[in-house]
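here is my input, please return the structure:
(3 chains)
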Amino acid sequence: MKTFMTDVLVIGGGLAGLRMAIAARQRGHETVVLSLVPAKRSHSVAAQGGMQASLANVTKGIGDSEDVHFEDTVRGSDWGADQVVARMFVNTAPKAVRELAAWGMPWSRVRGGDHEVVINEQRVTLTERAEAHGLIAQRDFGGTKKWRTCYAADGTGHAMLYTTTNQAIRHGIEVHERAEAVALIHDGERCYGAVVRNLVTGELIAYLAKATAIATGGAGRLYHVTTNAVICDGSGHAIALETGVARLGNMEPVQFHPTGIFPAGILVTEGCRGDGGLLRDVNGDRFMPNYEPEKKELASRDVVSRRMEEHIRSGKGVHSRFGTHLWLDITLLGRRHIEHNLREVKEICQYFLGIDPAEKWIPVRPAQHYTMGGIRTDHTGQSPWLKGLFAAGEAACWDLHGFNRLGGNSVAETVVAGMIVGEFIADFCDKPENDAPFPLTLAREFVQREEAKLAAILDGNGHENPFQLCTEMQHIMTRHVGIFRNGDELLDGIAHLQRLLERSAKIGVSGKSRAANPELVATYRVRRMLKLALIIAQGAYLRTESRGAHFREDYPRRNDREWLKRTLAFWPDEAASMPSFEYEPLDVMKMELPPGWRGYGAKDYIDHPDTPCRQQEVDATRSRMEGQGRFAVQEALMPYTDKLPASLTGRNERLDEPLETSR
Amino acid sequence: MSVIDQAAPQQYRHLRLNVLRYDPRHPAAKPHMQEYQIEEADSMTLFIALTEIREHQDSTLQFDFVCRAGICGSCAMMVNGRPRLACRTLTRDLPDEITLAPLPFFELIADLSVRTGKWMRGMSERLQTWLHAQEREVDICRIEERMDPDLAEQIYELDRCIECGCCIAACGTAQMRQDFVGAVGFAKIARFRLDPRDTRTDDDYYELIGDDTGVFGCMSLLACHDVCPKSLPLQTQIAFLRRKMAAQGL
Amino acid sequence: MANETLIIHAGLADKSRKNRWPARFDLLQSSTGLFLALFMWAHMGFVASILLGESAMWTITKLFEGYFFFGKSYPWLVSCVVGFVALVFVGHALLAVRKFPINYRQWRAIRAHAKVMRHEDSTLWIWQVYTGFLLFFLASAHLYQMFFWPQNIGPFASSDRMWSDGLWPFYLVMLLAVELHGGIGLYRLTVKWGWPNASRQTLKKVKWALTGFFLVLGLATLAAYMKIGYEHRAHAGERYTPDWAVEQAAHRGDGQ
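Okay, the predicted model is just below:
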């Protein structure tokens, strides 16, 4: 058995993984990153529009602060988010943006003086402050009160990933690419690393580490039409699940992005609408103002996607040979704007649709985009059930996003969680009590077990085809567990999925190579994906309410009384055909922002019994402390700074909020 | 719910894909071309075509796709003799017969799959493609340093490189000399040289690219410029670097 | 100096300040190429004077031999020019050969590359290698001849060389090689160092136009020399002196 030992093992070479690795490395811990693909090809690269951080540099961002960002995030989450985590996040986001700037990130900058923008179909002249000239610019995104999304044209994820990877290279952090973690090595209480398969040679290697961190991104490939890369199959979620002890949180809310190009599902950024683009129907009419008079195209993604599907159902979709779609119109932004600020969008339209978006409308339809759920962690990023296992980014349920993530909060989460969790990982490794000796015998057992599983696949003589099963699963998920859900459809879908899971035990592969063998890989991956699919479907079936991206036609109201709680799924018995569920209640009495109306979407919901009481407390505190400054009020309502690593507790400077020079 | 267009059924072409097959781990099988036949579909890309072949005809065929949207740079391969991003190459822009081969120069994994990432990492280490800011401790709580918006856009323009390897595969010099840094390396140096946050001088850059494995090795065949999927201004940037580095010799 | 040698010998050359010679070599390669290409065009202009008549060509020849300055021909003046050009030529060849494929593997790789890519600029470079390789011999021979027998330049002497000495195939090949090599080389210089506000397409058009012009001029010139050589074959070896010069000389002779 080949063994590799390190202090910190990071699984996933995207933004979250690399940022954690850098944090751990800077604190002196040997860190190795595993990645399915070269780090710079990770799916983080595909984030286009930007990253939210309340810098308040642009005119339309004046007055923005951590408080506004916090409220937008919690409302966006439909009160599913962990508010302490949201506070930690909003306070760190500006630091992350500025750190990236210091690392060379080419953020787009504010140009002082007048410039023309399109807001609500009107050309409007905005005047940027002279003193803001040259500072990092922000654009408008859905579900936000202020212009808060920092960007580098529309290649923000690319620029962030390259900046961060280059820093990782600078720190000499090794990335073992084309390596897949196929199982976590653990004893039911403590995680010791992972069994890793070299995707080129097929060799299994035991990687042993004091701390293991999963940052493998989302599971978009469970769906037929997704903006996600082909590697986003939830493998990190799955290996955590297969420990039988670690829990996955809130897997049922799945975000559909309103503007996937039709039919390929490739993303065009929310920046299109943020910059003034409109959604139009078969008649060329703008329809969003009829549904959402206040935020229109810029309501949160769950709402816009639902309204689009609703509009299609009312017969206003555009029919084509592939099915039905709507239009995204950015022609009104003008060629110059498109060629400078929406370059990737232009390229995508040119190469995949053969159209010039400065002249023609873009065919779009909502496509799976983001996995809100993930490996449930505490605020330090550690799994409460498996010591030494950490997670960050899309793979984690840290719980920043609750039931719907705001645009621009995902890349922000990757680096922010990377910074925070990375520090906690370093703390964990610093503690002598965590110096548990590496259990080589246990590692050998795990490697042998995985070896046996692979051998069983290669030696089996089943007749099922893994690619076929995967396609069937994707169609079931799209049809039964999509944007609109109901009990009957879900039950039907679950039954289908269970049959697929049974069939997946009878897969036969034609190529018998142990090394690079696409069919072998597809086989073990589809089995795991089916488990995740079942968790999503069953979680959605059990949750008899509508919240954020989880929408039940048979239970259209948000029900705080029964469902203000986080779904936790786990799979204790490997042979079982169904996951186990438990629920973690959210404590309204500790919330800084008690549940209410989001400001868009449906207005009726069932209150939690504690809500009025907590609201009164909050209101009382606010009026009692009027004039004492926002920080003091916040501290009184929901203290959180003690939860942050000490290096990240500082306040953030803004043009209108200078820091005392004594610092 | 979806309504299929009533338009007359379209006649689809029959495509023949000739793929160069070779697995260095099984050297007994010599490199050879293998033909696959497939019916074209609307807006079919090489990603769709190859995936279909793997799922229905030959599950051993190896290739790399990640984002399938032309942004991650994984899928560069030789399409009818030219390096291109396969995922955003529409079959309708190609003739009935399509020849696919792996990118030359890079270590071959098998079939169409090559290790561009490993080489790019080596290039990054060698050229130190990260921002060098000496003696500057940035307080990330404070307002960021200002930068001219036009300059920021220019830097972004050069930062758009996706390290796909097309420029190296197209480079005559690189075919002959394995240690050549190539256009991708020059684009990186040009990017950091432009960035005022980077404190390195031309003297420092000369240490990195001031020889025949660097900018003086470039013979200006400029295929890099012609095949770059991101249309980076490689021609002018390499010429610019050559002038700056040559000035170091005066 | 000894220290540096020791450092290099210890394999630590990379660790000390990088040598500046690669930069100079690169500049020298380009500048020698530029000189040679411009010289070659000028040279073509001089030899093409035959198209204006034998006397025109004779005048130019004598001009270079200093006849009109000193009243007497000094062919070694031509040798001096040839010697200088030969030095530049050898320098250019030495610098340029560094870029040539140096073994079979490299040669095979670049050839296959050009074939597969069908990329004009890359193919042109292969042609530069071919023609450069040819010129290495042809131009060397030519320079050698001109250096040692500079007096053998003239309307009849040159024509006899073409026809009676049977060297016209040599000159035909050299003409093609030198025009292609120089034309491509000059174009390459503009893209290598940058040419403000001109697209590559434009530069390449200009390049082909110039190459075409000089090739036509060169072929016409070669034909002219061959024609004279053919007509003069009976008197091969005899030197040309224009009538007016004969008269002048005779006149001077009378005066003495």
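
for chain C, what's the nearest residue on chain B?
Residue of chain B nearest chain C, by C-beta to the nearest C-beta: B:Gly249 (2.6 Å). Glycine gets a C-beta too; all of them are placed from N, C-alpha and C.

residues near that residue, how many?
Counted with other C-beta atoms under 10 Å in any protein chain shown, the neighbours of B:Gly249 add up to 18.

let me know whether it touches C:Pro22 as I believe.
Yes - contact criterion C-beta atoms under 8 Å: B:Gly249 and C:Pro22 qualify, at 7.4 Å.

quick revisit: figure out the helix or strand that the residue of chain B closest to chain C lives in.
Using DSSP states H and E, B:Gly249 falls within no helix or strand.

which residues in the stretch 501-650 of chain A form strands?
A:558-559, A:565-570, A:580-585, A:605-606 (DSSP state E, counting those that start in this stretch).

how much space separates whatever residue of the stretch 151-256 of chain C ends up closest to chain B from B:Ala239?
Closest to chain B within the stretch 151-256 of chain C is C:Gly194: 3.7 Å, counting by C-beta to the nearest C-beta. Distance, C:Gly194 to B:Ala239, using C-beta to C-beta, to the nearest Å: 4 Å.

what is the lengthiest helix in chain A packed up against?
Counting residues, the longest helix in chain A under DSSP state H turns out to be helix A:518-542. In terms of contacts (3 or more C-beta pairs under 8 Å, 6 or more residues apart in numbering or on different chains; DSSP states H and E), helix A:518-542 is packed against helix A:235-241, helix A:440-459, helix A:466-480, helix A:487-503, strand A:565-570, strand A:580-585.

buried residues, the second one. List them.
Spelled out, that is helix A:440-459. A:442-443, A:446-447, A:450, A:454, A:457-458 (16 or more other C-beta atoms under 10 Å in any protein chain shown).

do the helix or strand where A:Leu184 lies and chain B meet?
Secondary structure from DSSP H and E places A:Leu184 in strand A:179-186. No - counting by C-beta under 8 Å from any C-beta of the partner chain, chain B has no neighbours in strand A:179-186; the shortest distance is 11.8 Å.

right, and the helix or strand after that strand?
strand A:191-198.

is the residue of chain B found nearest chain A in a helix, a strand, or coil?
Of all residues in chain B, B:Gly117 sits closest to chain A, at 2.3 Å by C-beta to the nearest C-beta. Of the three states, B:Gly117 takes helix under DSSP: H, G, I helix; E, B strand; the rest coil.

which residues of the stretch 151-300 of chain A fall in strands?
A:174-177, A:179-186, A:191-198, A:204-214, A:248-249, A:254-261, A:278-280.

ah, wrong one, I meant chain B
Taking DSSP state E, the strands of chain B run over residues B:14-21, B:32-39, B:76-79, B:82-85, B:97-101, B:108-110, B:113-114.

out of the ones you listed, nearest to C:Gly166?
strand B:82-85 (46.5 Å; C-beta to C-beta).

mean confidence for the closest one?
In this model, strand B:82-85 carries a mean pLDDT of 97.

got it, and stretch C:12-20?
81.

now the end-to-end length of that stretch.
With C-alpha to C-alpha, to the nearest Å applied, stretch C:12-20 spans 16 Å between its terminal residues.

related to what we said a few turns ago, quick one: closest of the strands of the stretch 151-300 of chain A to C:Ala249.
Nearest of those (C-beta to C-beta): strand A:174-177, 85.4 Å.

what does the residue in the stretch 101-250 of chain A that chain C sits nearest to show for phi and psi?
Nearest to chain C in the stretch 101-250 of chain A, going by C-beta to the nearest C-beta, is A:Gly172, at a distance of 18.5 Å. A:Gly172 adopts backbone torsions of phi 70, psi 30, taken as degrees, to the nearest 10.

quick check: it vs A:Val110, distance?
36 Å.

what number of residues lie near the residue of the stretch 151-300 of chain A found nearest chain B?
The minimum distance from the stretch 151-300 of chain A to chain B, using C-beta to the nearest C-beta, falls at A:Asn166 (3.8 Å). Using other C-beta under 10 Å, A:Asn166 has 21 neighbouring residues.

number of nearby residues for the nearest residue to it once chain neighbours are set aside?
In space, A:Asn166 comes closest to B:Trp130 once its chain neighbours are excluded; the distance is 3.8 Å by C-beta to C-beta, 6 or more residues apart in numbering or on different chains. Neighbour count for B:Trp130, taken as other C-beta under 10 Å: 23.

since that was my last question, I'll sign off now.
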